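Colleague: Make a model of this:
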Amino acid sequence: MRYLQTFNRRLRQMREAGRLSCQDVAEICGVEEAQVISWEASDARQRTYPDVSALLDFCIKTETPLENLLDLVEPGTCGQFELPGLAFSNSDDLSSALDELEQEISRVQLSDEEAKLLRRFRKTTAENRRLILQILGG
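Modeller: Residues are numbered from 1 along each chain as shown. A predicted model of the protein is given here:
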């Protein structure tokens, strides 16, 4: 998701600048520390993203503008606040825009079951991974 491409780096920079630990951020967002660590993961395959409520909790409780965490402004644009599939002005309903953002985040977020399967796949031998991919047609 292009609006979250640099989220992991931005979150880490803000956390370090504010001298916050991953545990501190987890408490602010009401999640486990492991989730914050996965939000900041360098490897995109291991990275997850916060849901909208955790994202907003962080922004509100740390007085951080949302645009400081998301890639909202693309080079050469005027900086209008745009999210996937929508653009809104001050007169538009922010709650519907946040609902759409949450749907986009949910779309790219692995379910617990998918994450568990992926961890098990990564831990198995190369031969087993090859066989699994062969069975799946990959």
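
Colleague: where along the chain do the strands fall?
Modeller: Here the chain has its strands, by DSSP state E, at 82-83, 86-87.

Colleague: And for this protein, the residue most distant from the center?
Modeller: Most distant residue from the mean C-alpha position of the chain: Glu127, 32.0 Å away (C-alpha atoms, centre = their mean).

Colleague: separation between that residue and Arg45?
Modeller: According to C-beta to C-beta, to the nearest Å, Glu127 stands 21 Å off from Arg45. From N, CA and C alone the C-beta is placed, and that goes for glycine too.

Colleague: pLDDT score for the one residue sitting closest to the centre of the chain?
Modeller: Note on the chain: the residue nearest the mean C-alpha position is Tyr49, at 2.1 Å, using C-alpha atoms, centre = their mean. pLDDT for Tyr49: 88.

Colleague: doesn't Ile105 make contact with it?
Modeller: Yes - the pair Tyr49 and Ile105 passes the contact test of C-beta atoms under 8 Å, sitting 5.2 Å apart.

Colleague: what bits of the chain have low per-residue confidence?
Modeller: For the chain, applying pLDDT under 70 flags the ranges 1-3, 73-94, 138.

Colleague: Identify the residues contacting stretch 119-128?
Modeller: Arg129, Ile132 (C-beta atoms under 8 Å, 6 or more residues apart in numbering).

Colleague: what about it, distance to the chain center?
Modeller: Remark: stretch 119-128 is offset 25 Å from the chain centroid, using C-alpha atoms, centre = their mean, to the nearest Å.

Colleague: now swap in stretch 123-138 and tell me
Modeller: For stretch 123-138, the distance to the chain centre is 28 Å (C-alpha atoms, centre = their mean).

Colleague: Do a quick rundown of the helices in the chain.
Modeller: Taking DSSP state H to define them, one finds helices in the chain at 7-17, 22-29, 33-39, 52-62, 94-108, 112-123, 126-136.
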